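Q: pasting the sequence and the predicted coordinates here, then a few questions.
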Amino acid sequence: MSSTAPPPTSDDDSVSLKMARGYLGRSVELTIDRPLGSRHPVHGFRYEANYGFVPGTTAPDGDELDGYFLGEPEPLAAASGVCVAVIHRSGDDDDKLIVIPAESEIPSDGDIAAAVEFQEIPGRYVILRS
């Protein structure tokens, strides 16, 4: 998979979305702090995908920019891949990257929605690819 220039941002984009769009089509390193199968420390739900953050970033919520790492069936501590989409939450300036292993088949929007349904609420986000 080749790296391409990120799509342009819009003045209407939220701070989080502007940040997340900059990763589309690019290689991304994630630190996985909530590995596949772990439980959320407050809400108790089970992570059905490896979930982590981009080290050295600061999102509007004061934490790092978050991302899902899809396509790896084992719990991980770190992951490298390509950002193929962004989960853009409505009413919440806390967008999430969708990262997959390089050279993997790019998942459909339906596949992404199914992979993140354990945490993302249908109708409260859109999947952006550009």
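A: Nice, I can see it.

Q: give me the element V86 is part of.
A: Assigned by DSSP states H and E, V86 falls within strand 78-89.

Q: pull out the buried positions in stretch 24-32.
A: L24, G25, V28, L30, I32 (16 or more other C-beta atoms under 10 Å). For the C-beta atoms, the positions are set from N, CA and C on the backbone; glycine is no exception.

Q: just the strands in this protein please.
A: 27-34, 50-53, 66-69, 78-89, 96-100, 125-128 (DSSP state E).

Q: in a markdown table, list these along with mean pLDDT and distance to K18.
A: Formatted as a markdown table, those follow (pLDDT from 0 to 100; distance: least, C-beta to C-beta, whole Å):
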| stretch | mean pLDDT | distance to K18 |
| --- | --- | --- |
| strand 27-34 | 98 | 16 |
| strand 50-53 | 98 | 17 |
| strand 66-69 | 98 | 15 |
| strand 78-89 | 97 | 11 |
| strand 96-100 | 98 | 13 |
| strand 125-128 | 96 | 12 |
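
Q: and those as JSON lines, adding distance to I112?
A: Below are the strands of the chain laid out as JSON lines (distance: least, C-beta to C-beta, whole Å):
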{"stretch": "strand 27-34", "distance to I112": "15"}
{"stretch": "strand 50-53", "distance to I112": "13"}
{"stretch": "strand 66-69", "distance to I112": "8"}
{"stretch": "strand 78-89", "distance to I112": "6"}
{"stretch": "strand 96-100", "distance to I112": "6"}
{"stretch": "strand 125-128", "distance to I112": "6"}
